[in-house]
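Enquirer: Sequence first, then the predicted structure, then my questions.
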Amino acid sequence: MFGYGKMANYAIASVSFLAANFDKKDFRANAARIAKARTLSKPLVGKIMSQMSTAGLVNGTPGPGGGFFLARDPKDIPLIEIVKLFEKVEEGLSCPFGPDWCGTGDYCPLHFELAEKNDEMIDWLTRTTLDVFTQHSVKPDRGTDPEFAPNG
């Protein structure tokens, strides 16, 4: 694996909204609000949040005023934990020449560099937490929708 795919990217985008608003008292956001804030589809965000809820990364409350919120402090949620829900994270590397090329003879010309980059990405995802999203000014409001008012 090198990097991560669209679903993991959308998951990080979705949960980053919750992290950015973590310090707001009783902050909750439903799938529609997260989708609008991150320009994603509501059904996709709903599916992502359901998977993250099952994994214990977010909690949710139903009804008016309900929504999703982080289950733990953002500094305690590494990105790798989110990515692993949506991607197969491997310590090993798939050879660009195809299965069974590396390891059955000479390594391919890219093997060692790709292995190093893969290890760097896994290390970065492990060290980086959702706390990075709490350190930036975020404007959750979109247009004049009162649901997205800075204090709303």
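Expert: Structure received. Residues are numbered from 1 along each chain as shown.

Enquirer: can you point me to the longest helix in this structure?
Expert: helix 111-127 (DSSP state H).

Enquirer: now that helix, how far from the chain's geometric center?
Expert: Relative to its chain's centre, helix 111-127 lies at 18 Å (CA atoms, centre = their mean, to the nearest Å).

Enquirer: Check which helices and strands that helix is in contact with.
Expert: Applying 3 or more CB pairs under 8 Å, 6 or more residues apart in numbering; DSSP states H and E, one finds that helix 111-127 contacts helix 79-86. (Glycine included, C-beta is placed from N, CA and C.)

Enquirer: could you check the angle helix 79-86 makes with the longest helix of the chain?
Expert: 110 degrees (axes from the mean of the first three to the mean of the last three CA atoms, to 10 degrees).

Enquirer: For helix 111-127, buried residues please.
Expert: For helix 111-127, a neighbour-count test (16 or more other CB atoms under 10 Å) marks 111, 114-115, 118, 121-122, 125 as buried.

Enquirer: and it, what's its mean pLDDT?
Expert: The average of the pLDDT scores along helix 111-127 is 88.

Enquirer: do the same with stretch 71-88
Expert: The predicted model assigns stretch 71-88 a mean pLDDT of 93.
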